[in-house]
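K.L.:
how does the following fold in three dimensions:
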Amino acid sequence: MNANTDLREIFFNECEELLEVLSDGIAQMETGEASLDTVNAVFRAVHSIKGGAGAFGLDALVEFAHGFENTLDDMRAGKLETNPKIVELLYMASDRLADLVESARDRQEADPSESKSLLEQLAALSGTPPTTAAPAEAEVEFAPMSMDFSLDLPEIGGDDSGSDAPHEFRFTPTKELYSSGNDPALLFRALAELGELEVVAGIEDVPPFLEQPWDQAYLFWDIKLTSDKTRDDILEVFEFVDGLCKIEFNDPVPMAAASVDPIESLDPATEPAAVQTVPDTPPPAAKAEATKPKKPTEAASANTTIRVDLDRVDRLINLVGELVISEAMLTQSISEVTVPSGSKVETALATLKQLSSEIQERVMAIRAQPIKFLFQRMSRIVRESGQATGKQARLITEGEMTEVDKTVIERLADPLTHMIRNAMDHGLEKPEKRLELGKPEKGDIVLSAAHRSGRVVIELKDDGAGINRPKVKSLAISKGLIPADVEMSDTEIDNLLFLPGFSTADAVSNLSGRGVGMDVVRSEIQSLGGRVTISSTPGQGTAVTISLPLTLAVLEGMVVQVAGETLVVPTTALRETIRGRSATVHQMGSGDKVLAMRGELVPIVDLGARLGFRNTPQDLDKLVFLLVESDADKRTAIAVDRVVDQREVVIKGLEANYGRIDGVAAATILGDGRIALIVDTDQLAATGPSRNAAPMFT
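P.N.:
Numbers count the residues shown, from 1 in each chain. Coordinates of the predicted model:
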């Protein structure tokens, strides 16, 4: 990967953060809580995307961002007042900007027609024709002048609006500005749009050719801008190179706000009183300021975060997993020999165990990210679904800063999209119907996230009509999914929605009716080691709850033995354990057995027989029953020979190295070096209790 590719990737990563700021700001405008600072933050986000896109020659992105920021600039100047129509258009522009960023990242051509239509609508707000930004590849000509270089920009000069207020300042870039792919000429072009611009390059600090390192920065530029813009407006041009240059103002105009750190500004009080223009030779005070070393406080204010390739983090997590396994193997080996209590070996082993556990926890935290960005993407799904269905809704998010493993976040996008579309299409009523029912015309969809008992719980609720259970049951009977005379609880009827091919839509639409939806949600969540449940109250709404592990790298499990084999049963679905001799077991039908407890009959699954480890039925009095609960609130008693202990295990996938095995979710390595299979409790419960069922593998 070359340097330009690295810089390009950094730019697109920053775009994600800027789009997040943009979405937050528009959401505040929608609620009426936005201040001028909010509008400024939104403007700066779009402006920064435009600046970075220009550096990489992404003309379509530059042009759209330019038109977008013109509208935001009018809002900053008070020419446009925020109203629902403008907010809706800003959302559409934000979505389009995100699409253009994605297309540019994937090196694909975006359809210009949609951008053109939105730019025309944005321009119409101000009553002005749409403007286009100067092409990113346009060259800026430098004309030599005696000992300096002058920058002549007549073709891109901005309108000074008749103002005679000059701003004089010196722009001194660092070598990092160049190494990060930025071009001063692009900054000057942006300044020229603010007013009448004069630029003179100072070369007196340039050493003789070949006498100094070639990778240093020696040039500076003295700039005079005649414009009605404020100093803050000027500094916003340099915001994209924040921390990569020094800006020294010589005019006595006071700063409107001190919000541009770490771009430095020279305090006018430190300048000689007679200095009113920028001379060809820098004044002593300016030279001293430019050459003196930074104070420790200035260095400490630099950004302390770094960007690390995700593959490196994954490799580190795998190595930490191996460390945990090695620590467990060492513990196992020492337990097999006689070690005096309180010995140095025992103390050192305890310390190693504590350190490996803490390292594992800290490394796992590196992959954790707030779920906020994913939630923001869902707001677009709500808007698009509303346009497709003619319904109105607002997305309310809670717990946005809840941290989740990055891999989990990436794989949650499709399930949440299905859930929101179902809520819009099947859950919420039409506006006129809601008014008849005494509900607000606009429905609420609440998307929340929280940490509970070592897991991440995500819930999507709507205030719509709820599930029409008679209709659901009738459709299931007509499709042959359930017998006509079966008795079902409300929960069992609700869970029919998760069956493949099941749909309650009366007609096929862009959102639903093709029998693809909630079954995809359940499959994807189960593949993440999670569970999904649904509950509904007629007339009040529906809630879908997803429970996920904090990470996909480790698992809390119950280590058990079955027919001489060691297996791991995830504790996620485990509710309690019961000894066989104290359990009440009944024979049912052709040999199936059920466990009677608290007025409920729970089917028994002999884990050894189901996985093919044995054929001979065991004496149930000598077994231990693990009571597990599936996503559909269906309980199953898994019979095992004995429980060894409960521990965290490092998950090792089987698909890449072996293949998928029915009834087995993954594998792990135990402390004695043996491989143990991790049981898929949901699949065991779904296949039923019959002892005559074919073993899942032999």
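K.L.:
identify the single longest helix in this protein, thanks.
P.N.:
Longest helix in the chain by number of residues (criterion: DSSP state H): helix 3-31.
K.L.:
what comes up buried for stretch 306-321?
P.N.:
Going by neighbour count (16 or more other Cβ atoms under 10 Å), the buried part of stretch 306-321 is I317, V320, G321. From N, CA and C alone the C-beta is placed, and that goes for glycine too.
K.L.:
dump these to a markdown table, plus distance to V664, pLDDT and secondary structure.
P.N.:
Converted to a markdown table, the buried residues of stretch 306-321 look like this (distance: Cβ to Cβ, whole Å; pLDDT from 0 to 100; DSSP: H, G, I helix; E, B strand; the rest coil):
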| residue | distance to V664 | pLDDT | secondary structure |
| --- | --- | --- | --- |
| I317 | 22 | 80 | helix |
| V320 | 24 | 81 | helix |
| G321 | 19 | 78 | helix |
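K.L.:
where does pLDDT dip in the stretch 1-150 of the chain?
P.N.:
1-6, 127-150 (pLDDT under 70).
K.L.:
show me where it has helices.
P.N.:
3-31, 36-55, 59-76, 84-105, 112-126 (DSSP state H, counting those that start in this stretch).
K.L.:
again, but for the stretch 551-698 of the chain
P.N.:
Under DSSP H, counting those that start in this stretch, the stretch 551-698 of the chain gives helices at 607-610, 681-686.
K.L.:
and those helices, which one's lowest on average pLDDT?
P.N.:
Mean pLDDT per stretch puts helix 681-686 lowest among these, at a mean of 72.
K.L.:
quick revisit: how about JSON lines for the helices of the stretch 1-150 of the chain, with distance to G608 and mean neighbour count added?
P.N.:
Output for the helices of the stretch 1-150 of the chain, formatted as JSON lines (distance: least, Cβ to Cβ, whole Å; neighbours: other Cβ atoms under 10 Å):
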{"stretch": "helix 3-31", "distance to G608": "49", "mean neighbour count": "17"}
{"stretch": "helix 36-55", "distance to G608": "59", "mean neighbour count": "22"}
{"stretch": "helix 59-76", "distance to G608": "60", "mean neighbour count": "22"}
{"stretch": "helix 84-105", "distance to G608": "51", "mean neighbour count": "18"}
{"stretch": "helix 112-126", "distance to G608": "60", "mean neighbour count": "16"}
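K.L.:
for R434, which of the ones you listed is the nearest?
P.N.:
Nearest to R434 among those is helix 84-105; the distance by Cβ to Cβ comes to 18.0 Å.
K.L.:
which residues touch the closest one?
P.N.:
12, 15, 19, 22-23, 26, 29-30, 46, 49, 53, 56, 58, 60-61, 64-65, 68, 71, 75, 80, 109-110, 114-115, 118, 121-122, 125, 379-380, 383 (Cβ atoms under 8 Å, 6 or more residues apart in numbering).
K.L.:
and stretch 108-125, by the same measure?
P.N.:
Outside stretch 108-125, the residues touching it (Cβ under 8 Å, 6+ apart) are 60, 63-64, 67-68, 70-71, 74, 80, 86, 89, 92-93, 96, 99-100, 103-104, 129-131.
K.L.:
switch to 6 Å and redo it
P.N.:
Outside stretch 108-125, the residues that touch it by Cβ atoms under 6 Å, 6 or more residues apart in numbering are A60, F64, G67, T71, L80, L89, A93, R96, L100, S103, P129, P130.
K.L.:
make a markdown table out of the helices of the stretch 1-150 of the chain and add distance to R635.
P.N.:
Shown next, in a markdown table, are those (distance: least, Cβ to Cβ, whole Å):
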| stretch | distance to R635 |
| --- | --- |
| helix 3-31 | 42 |
| helix 36-55 | 51 |
| helix 59-76 | 54 |
| helix 84-105 | 45 |
| helix 112-126 | 52 |
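K.L.:
among the ones you listed, which comes closest to K406?
P.N.:
helix 3-31 (12.2 Å).
K.L.:
now do the SS call for V446.
P.N.:
Here V446 is strand, with the state taken from DSSP: H, G, I helix; E, B strand; the rest coil.
K.L.:
partners of it in the sheet?
P.N.:
I396, K461 (DSSP bridges).
K.L.:
check the one 4 residues further on too.
P.N.:
Judged by DSSP bridges, the bridge partners of A450 are V457.
K.L.:
how near is it to I458?
P.N.:
From A450 over to I458 the distance is 8 Å, taken as Cβ to Cβ, to the nearest Å.
K.L.:
ok, those two, which is more surrounded?
P.N.:
Shown here are A450 and I458; by other Cβ atoms under 10 Å, I458 has more neighbours (27 against 12).
K.L.:
what's near enough to touch that one?
P.N.:
A449, I546.
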